[in-house]
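Student: Sequence and computational prediction follow.
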Amino acid sequence: MRLRRLWPAALLALAPVLAACGDDEPDAADEQTTSAEPTTDAPSQTPTEESSATEAPTETTSAPPVADRPQACALLTSGDVAKAIGVEFSEGVPGHGSVTEKGTSWTTDECTFTAKDLVSIRIEVSGPADVTAGKFGCIQPSDADGNVEPSDAAGASKAWWKTSATPPLVATLRACSAEANVDVTMTYEDGTDYPGDPSQQAPQLAGLVLSGLQG
């Protein structure tokens, strides 16, 4: 009778041991979960300084000069202007401009000389390559705001002299050759007496510029 009563107790004592032995074997679900874990992603490739350094640099260029023509301020000095006008002038100041007359447009290379409290003289040089619309030629200045008459200058095939209709005096000589046009604009201060004759002085300056262009 006692043996029969011990069997259930023995089985109960062995139950935790059997359970522990069963836990040592992984089940199928655990294996699937373990195998389904994602692997570590490969590191993304980013450009390095070495690779970017091999890229070709961007090249920038500026507009070429017009047929190697000398700049306006290289064609005339303040001494040349002083000799023609009879007073001292400051050194020439370079610049650029644009003109549109009678359907033709062109750009100019400029140089401006100043005699304080008297007159400012601007030299403008242009050629066939400077024309942006229309055709290169010796265009007669408009007489809508002044008086225009033919003139002359050394080295010019044609020339025009334009003066303002009212004071102060603003006068422009346009001297033309086959290779270039030269405008000499003289702007006087109001109420000043100008030395000499501007209509004779301007052609002297234009002749010097045209001579310099011919080399």
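Tutor: Done, it's in.
Student: which of the residues in the longest strand belonging to the chain are buried?
Tutor: Ordering each strand of the chain by length in residues (DSSP state E) puts strand 104-115 first. For strand 104-115, the neighbour count (16 or more other Cβ atoms under 10 Å) marks Trp106, Thr107, Thr108, Asp109, Glu110, Cys111, Thr112, Phe113, Thr114, Ala115 as buried. For the C-beta atoms, the positions are set from N, CA and C on the backbone; glycine is no exception.
Student: contacts for that strand?
Tutor: Identification of contacts with strand 104-115 by Cβ atoms under 8 Å, 6 or more residues apart in numbering yields 66, 69, 71-73, 75-76, 78, 81, 85, 87-99, 120-126, 130-137, 139, 183.
Student: Reduced to three states, what does Ser199 come out as?
Tutor: Three-state call for Ser199 (DSSP: H, G, I helix; E, B strand; the rest coil): helix.
Student: Report the beta-bridge partners for the residue nearest to it when sequence neighbours are not counted.
Tutor: Leaving out its chain neighbours, the residue that sits closest to Ser199 by Cβ to Cβ, 6 or more residues apart in numbering is Trp161, at 5.7 Å. Going by DSSP bridges, Trp161 is paired in beta bridges with Glu149, Leu173.
Student: Tell me who's in contact with Trp161.
Tutor: Val148, Glu149, Pro150, Ser151, Ala171, Thr172, Leu173, Ser199, Ala202.
Student: Include pLDDT, neighbour count and distance to Tyr188 when you put the residues you listed into a markdown table, please.
Tutor: Output for those, formatted as a markdown table (pLDDT from 0 to 100; neighbours: other Cβ atoms under 10 Å; distance: Cβ to Cβ, whole Å):
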| residue | pLDDT | neighbour count | distance to Tyr188 |
| --- | --- | --- | --- |
| Val148 | 98 | 16 | 18 |
| Glu149 | 97 | 11 | 19 |
| Pro150 | 98 | 9 | 23 |
| Ser151 | 97 | 19 | 18 |
| Ala171 | 98 | 21 | 8 |
| Thr172 | 98 | 20 | 12 |
| Leu173 | 98 | 27 | 14 |
| Ser199 | 97 | 14 | 13 |
| Ala202 | 98 | 27 | 12 |
